[in-house]
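Participant: Let me see the structure of the following:
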Amino acid sequence: MEDGTVERQGQRFLFRYECLLNQAQRRVWDAITDPIEIERWTGNRPQLDLRPGGEYVVSHRNGMHVVDHVLEVDPPTRFVHTFWEATNPDAQVTWMLSARVEGSILRLTHVMSEADIRAAASTVARRAASGHRLA
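Facilitator: Coordinates of the predicted model:
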């Protein structure tokens, strides 16, 4: 799948993306769950308590702290967490990994309610209008 898909299910939206990767499943798992590895590709090192109920805290360069929570962990195949929970209380991100001969497959699903999408759009619009950098 080169492009993602969006599916509406009542008041919820499912954003799906699948990617074939040359990296081994374990390497990709580390990239999405190890704070040092996350920092390598996002520029922000989170504090991550990798167990259900654990906090996933990202401190952005603009001083903003985003506190999310780990919902499910099944190494090295499944990682589920909230996403900007204070703004989008219903949003969840699911990372699914599977091995293939030449690397791995990453399936990313982001579920948001219609209310979450409206709140997120409003937050981004307010910051943009105030000249706030979104980092």
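
Participant: show me where the protein has helices.
Facilitator: Per DSSP state H, the chain carries helices over the ranges 25-33, 35-42, 114-129.

Participant: Lowest average confidence across these, which one?
Facilitator: Lowest mean pLDDT within the helices of the chain: helix 114-129, at a mean of 70.

Participant: Tell me the spacing between the spatially most central residue of the chain and residue 68.
Facilitator: What sits nearest the mean C-alpha location of the chain, by Cα atoms, centre = their mean, is residue 93, with 4.9 Å. Residue 93 sits 9 Å away from residue 68, going by Cβ to Cβ, to the nearest Å. Glycine gets a C-beta too; all of them are placed from N, C-alpha and C.

Participant: Over to residue 33?
Facilitator: 13 Å.

Participant: hmm, back to that, next, the contact list for the residue nearest to the centre of the chain, please.
Facilitator: Neighbour list for residue 93: 80-83, 108-111 [criterion: Cβ atoms under 8 Å, 6 or more residues apart in numbering].

Participant: Out of the residues you listed, name the two that are farthest from one another.
Facilitator: 82 and 108 (14.8 Å; Cβ to Cβ).

Participant: between those two, which one's more packed in?
Facilitator: Neighbour tally, residue 82 and residue 108, criterion other Cβ atoms under 10 Å: the higher count belongs to residue 82, 19 against 16.

Participant: Quick check: closest non-adjacent residue to the more buried one.
Facilitator: Here the nearest residue to residue 82 in space, its sequence neighbours aside, is residue 68; by Cβ to Cβ, 6 or more residues apart in numbering that works out to 4.3 Å.

Participant: ok, now residue 56?
Facilitator: residue 68 (4.3 Å).

Participant: Look at the one you found and report its pLDDT.
Facilitator: Reported pLDDT for residue 68: 97.

Participant: Considering the contacts of residue 93, which possesses the most neighbours?
Facilitator: Going by other Cβ under 10 Å, residue 81 tops these with 24 neighbours.

Participant: contacting residues around that residue?
Facilitator: Residue 81 sits next to 56, 68-71, 92-93 when contact means Cβ under 8 Å, 6+ apart.
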